[in-house]
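Novice: Here is my input, please return the structure:
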Amino acid sequence: MSTAETVDPYDITTRSNGLKRRRVTEKLVSVVALLSALFAVFILALVLGTVLARGINALDLDFFTKSAALFGEKGGIADALVGSAIIVFMAMLMAVPIAILVAIYIAEYAGPKAAAFFRVTLDVLNGVPAILVGIFIYGLLVVGHGQSAIYGAMALAILMIPMVARATQEVLELVPRHLREASLALGVPRWRTVYSIVLPTAIGGILTGVVIAVARVAGETAPLIFTSSIVTSHGVAFDVHEALPTLPVRIFTLSESASPDDQAAAWAAALVLIAFVLVMNVLAKTIAGRKRRSLEGN
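Specialist: Predicted coordinates for the structure are as follows:
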């Protein structure tokens, strides 16, 4: 081959035949990704717009201060809000300590094989449909004893444990290894190192996982239908040994009604639930952002 026909591989002005094709492919993939993101935003906007348009007119002070309607009177969701708050709070008390301890074992104590086994177990448990958890609690506890808020909290706690445990485990593994090694080198026991060094460093991520899990289970309907849906008392109730009204079950009940007023109330209650989920997610992002800035020294 002559010198004139030799292509200098270091000549930046030389363009390969496939460069134009790669650029076109890159632009095409970028456009498809952008359109996919816009489509996801459109779906969210469509859902929010529909719920807002159909439920905003039913929102007033009485809607938040009155309980379920009786004898044709206009009712509200005060009892459902209180019942949901009690059940979700109890579920959080049950699930969070167990989930954090599971995550600590996986990240700090378990060997590679045991850690992999427990990760797979949590992933499988995280994928179990909520209705199956409700049926499980119903067959195990509700049958023969009756429904109660405690059983509803147990069902939600089962759903929360894998979510919080996996989030916490991932955060714990992001804590720099040299922090543990420095503490252990000073003769500090491992449990004290985890309690005083690892957990405070990862607290932002742990709280984020807890908040997201709370927002997730707050909208679950199927487990509560089996465990805390047959409410005998009217008005705001606090007896956790009895079934308490909840917001997801109230939405389901109102949506099945033939009354236009009940259906409007269902849309309004759904709007309240969406607003709660939105606030919890913003809170989680805020906590995570502040913790990240504190770790970076900003």
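
Novice: Could I get the contacting residues of Gly219?
Specialist: Counting by C-beta atoms under 8 Å, 6 or more residues apart in numbering, Gly219 touches 248, 273, 277. (Each C-beta comes from the backbone N, C-alpha and C, glycine too.)

Novice: Assign Ala268 to helix, strand or coil.
Specialist: With DSSP: H, G, I helix; E, B strand; the rest coil as the basis, Ala268 sits in helix.

Novice: isn't it right up against Leu59?
Specialist: Yes - shown here, Ala268 and Leu59 form a contact pair, counting by C-beta atoms under 8 Å, at 5.2 Å.

Novice: Settle it for me: which of the two has more neighbours?
Specialist: Set side by side, Ala268 and Leu59 show unequal neighbour counts under other C-beta atoms under 10 Å, the larger going to Ala268 at 25 against 17.

Novice: domain assignment for this protein?
Specialist: By the record's domain assignment, the chain is partitioned as 19-56, 60-296 (automatic domain parsing).

Novice: want to throw the ones you listed into a markdown table with mean pLDDT?
Specialist: Formatted as a markdown table, those follow (pLDDT from 0 to 100):
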| stretch | mean pLDDT |
| --- | --- |
| domain 19-56 | 90 |
| domain 60-296 | 87 |
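
Novice: Quick check: which of those is buried the most?
Specialist: With neighbours defined as mean count of other C-beta atoms under 10 Å, these peak in mean count at domain 60-296, which reaches a mean of 18.

Novice: Pull the distance from it to the chain's centre.
Specialist: Taking the mean C-alpha point of domain 60-296 and that of its whole chain, the gap between them comes to 7 Å (C-alpha atoms, centre = their mean, to the nearest Å).

Novice: For Val272, which residues are in contact?
Specialist: Applying C-beta under 8 Å, 6+ apart to Val272 gives the contacts 59, 77, 81, 247.

Novice: any idea how far Asn57 is from it?
Specialist: Here Val272 is placed at a distance of 14 Å from Asn57 (C-beta to C-beta, to the nearest Å).

Novice: and if you look at Thr221?
Specialist: Thr221 sits at a distance of 24 Å from Asn57 (criterion: C-beta to C-beta).

Novice: next one: Leu34
Specialist: Distance of Leu34 to Asn57, computed by C-beta to C-beta: 36 Å.

Novice: same deal with Gly289?
Specialist: 36 Å.

Novice: isn't Ile131 right up against Glu220?
Specialist: No - contact status for Ile131 versus Glu220: not in contact, 9.3 Å apart, counting by C-beta under 8 Å.

Novice: circling back to that earlier point, quick one: the contacts of Gly219 as JSON lines, columns for secondary structure and distance to Lys66 too.
Specialist: Output for the contacts of Gly219, formatted as JSON lines (DSSP: H, G, I helix; E, B strand; the rest coil; distance: C-beta to C-beta, whole Å):
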{"residue": "Pro248", "secondary structure": "helix", "distance to Lys66": "19"}
{"residue": "Leu273", "secondary structure": "helix", "distance to Lys66": "18"}
{"residue": "Val277", "secondary structure": "helix", "distance to Lys66": "23"}
